[in-house]
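*Asks:* Build me a model from this:
(one chain, ligands or ions: 1)
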Amino acid sequence: MTRRLSLSVRLLAITGVLLCACRRGGEAPASSAAPPAAPSILLVTLDTTRADAIGPEARGIETPAFDALARRGLRFRQAYATVPETLPSHSSMMTGLYPAGHGLHENGRFLAPAVPVVAERLRDAGYRTAAFVSSFALARRFGLARGFEVYDDEPEAGRAERSAHETTARALAELRAKAQRPLFLWVHYYDPHAPYAPPAPFAARYAKAPYLGEVAAMDEQLGILVAEFERSAGPAAVLVVGDHGEGLGEHGESRHGDLLYQGTMHVPLLLAGPGVAAGVVEIPVSTRHVFHTILDFAGFGATDSLRQPQAEVVLGEAMKPFLEYGWQPQVMAVEGRIKAIQAGRMEAYDVVADPGETRDLARSSEPPRPLRTALRDYPAPAPAAAGAPPALDEEARRKLASLGYVGGGAAPVLRKDAPRPADMTRLFDVLERASDLFVREEYARAIPLLEQIRAQDPYNLDAVLRLATAHSALGHEARAEQAFASAAEIAPGSPDVRAYRALHDARGKDWAQAAPRLEQVIAESPERVPALEALARIRERQGRPGDAADLWQRVYALRPATAAESVRLGELAMSAGRTPLAIESFERARAAQGTAFTHDLELGVLYLDARRLTEARDALDRVPASHPAYAMALFKRAQASVLLRESDQAERIAAARRRADAVTRPLIERERLFAGR
Ligand SMILES: [Zn+2]
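*Replies:* Have a look, this model is predicted:
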């Protein structure tokens, strides 16, 4: 009875916890001094690291740094990620919540500002806070930077990840910047993520197991980081935890994110530091308690801390196949040594005796009731709530794709025939390759793969919409029409189908007729960037620069504008007579382009129009004599000179007259500022 009560309280907490955590977060500033003797805290998250690939029990690999920490710390033999994907898993560690609480079930989404994060609590309590992350999957834009005074998420230009070696060097530089306050430092290593290419000497040492070579190389950096942290920070708490593992072919999964088996859900976890006796914990725990443990180390109280681990039903989910392809939602629950998975049907394994999950106990007997109840009550994301695709720009999509993460464009549809992801493993690889090619706009190569997916999974809305879009982009009118028709059959009334259909129409010869459809799509989902972009282009073609400028402004509020796009917006605003917007847009482009900026003449004209005379003068002075409209620049510069009462205004007017062309000659003749000179 007690157990069931505490379970239902916990399940309530999954959904209700947001409210109470908010309240606690609201109280934090009141206790703005750091608790007495608050130790510095180091959190190291190991991406894509299997529990059996690191530590004293790992086989085929040596990880001396992790082992040394394990000898003096508390090591958890059954720690579980909440989601086998980077961003949602880290979001659980930073918030203490399961995905239903923090709202992120996939990469490429955004952690809502209302959800309290541990870094804010520590910063408000007087901690210095710094984070160094190694993958674009955790970039600032996804919301985990909140509360960190330093958030270093920048690999070299054009790359989506960086090595543990590079990240460690940057974190150590931060450590050397001594401060009186205790430090909360989060370092995220990404090396074991595919592709597996360990550096020397690990490449040679692990030539037959490059994945393990990556883990070993990362372990070396972990040792350097921990030693330096403890040397400079004094008595310190250290937490090391995996965000998820890697399938390595088990159960048909080579990477992670699509299934819930041990290879990807069972992760390394250990604590060391003040008040932590060396030992090994056998009971299953969730990595979401990293949040509570950090608060405990910082002196906020021991509730749910892993320093005193409590037995509970540990939960996890893998919703990507549901959200992307409409397959069965997948949830798991672990208690003691039994793990149950609900995905279309129930499976159960004794993960201690059978870590490979080869003997499904649910075939002969029902899993224990607490597990069944937990799985039944687990709040799966509602398709409606999953909503419109995130406002990612193409660059962000390409970066996520290069890491093997590609969010689909369509909201999930509840399918009557929804297959079990475990039965669809033959499609994992082709889905990933098709997504990658689609995002790179290599449509001709994506189409055969999308056809292959459709043949084996005919009700996969995302694949069918992508197929339709690929044909549309290549001008295959009839095949695009046919694919749109099957999409409409799969999901009648789906706003996604309407949106993609309208985008298709906007590409064709009857593009003007797409406008009302796009307007309707935007009215339904105001943040649908591709629809806003398509309508803006139509308004440009219709000669409505003001309307186009309004739409582009909405787009750039959702994603950053490139320099070329800022120039284009400046030109549109200029032809719509919207001087302040035009100035702002050109200046943004100038800041981004530096000496490559070629619109100083436009800026000078706009500043003159706005009577911002010194800025007009400076802009016109930057126009090179080689500019095709240099005569205009001289004319405008002479106007500015007169208005500014410069001493050389007569010479400026003379120069404008001397170099006048067919356009400026009549303007100069009529210019009253020049009269009588
Ligand atoms: Zn990850």
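*Asks:* Find the residue at the geometric middle of this structure.
*Replies:* Gly108 (3.6 Å; CA atoms, centre = their mean).
*Asks:* Name the nearest residue to Ala65, sequence neighbours excluded.
*Replies:* Gly223 (3.0 Å; CB to CB, 6 or more residues apart in numbering). Where C-beta positions appear, they are placed from N, C-alpha and C, glycine not excepted.
*Asks:* That neighbour and Lys636, how far apart?
*Replies:* Per CB to CB, to the nearest Å, Gly223 is found 64 Å from Lys636.
*Asks:* Counting neighbours, go ahead and name the busier of the two.
*Replies:* Taking other CB atoms under 10 Å, Gly223 and Lys636 do not tie; Lys636 has more neighbours (24 against 18).
*Asks:* pLDDT at the more buried one, what is it?
*Replies:* Lys636 is assigned 97 on the pLDDT scale.
*Asks:* Please, which helix or strand holds it?
*Replies:* helix 630-643 (DSSP states H and E).
*Asks:* Now do that helix: which elements does it pack against?
*Replies:* helix 600-609, helix 613-621, helix 649-658, helix 664-670 (3 or more CB pairs under 8 Å, 6 or more residues apart in numbering; DSSP states H and E).
*Asks:* Tell me which of those is the most buried.
*Replies:* helix 600-609 (a mean of 22; mean count of other CB atoms under 10 Å).
*Asks:* From the chain's centroid, how far away is that helix?
*Replies:* Remark: helix 600-609 is offset 39 Å from the chain centroid, using CA atoms, centre = their mean, to the nearest Å.
*Asks:* Check stretch 132-150 too.
*Replies:* The answer for stretch 132-150 is 9 Å, by CA atoms, centre = their mean.
*Asks:* How about stretch 619-631?
*Replies:* That offset, for stretch 619-631, works out to 43 Å (CA atoms, centre = their mean).
*Asks:* Tell me the buried residues in it?
*Replies:* Neighbour-count burial for stretch 619-631 flags 619-620, 622-623, 630-631 (criterion: 16 or more other CB atoms under 10 Å).
*Asks:* how about it as PDB, C-alpha atoms only?
*Replies:* This file holds the C-alpha atoms of stretch 619-631, laid out as PDB (Å, rounded to 0.1, in the frame of the first residue of the first chain):
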ATOM      1  CA  ALA A 619      28.000  56.400 -44.900                       C
ATOM      2  CA  LEU A 620      28.500  58.400 -48.100                       C
ATOM      3  CA  ASP A 621      32.200  58.800 -47.400                       C
ATOM      4  CA  ARG A 622      32.500  55.000 -47.400                       C
ATOM      5  CA  VAL A 623      31.100  54.700 -51.000                       C
ATOM      6  CA  PRO A 624      34.000  53.800 -53.200                       C
ATOM      7  CA  ALA A 625      34.700  55.800 -56.400                       C
ATOM      8  CA  SER A 626      34.300  52.500 -58.300                       C
ATOM      9  CA  HIS A 627      30.600  52.300 -57.300                       C
ATOM     10  CA  PRO A 628      28.400  52.300 -60.400                       C
ATOM     11  CA  ALA A 629      26.200  55.100 -58.900                       C
ATOM     12  CA  TYR A 630      29.100  57.100 -57.600                       C
ATOM     13  CA  ALA A 631      27.700  60.200 -59.200                       C
END
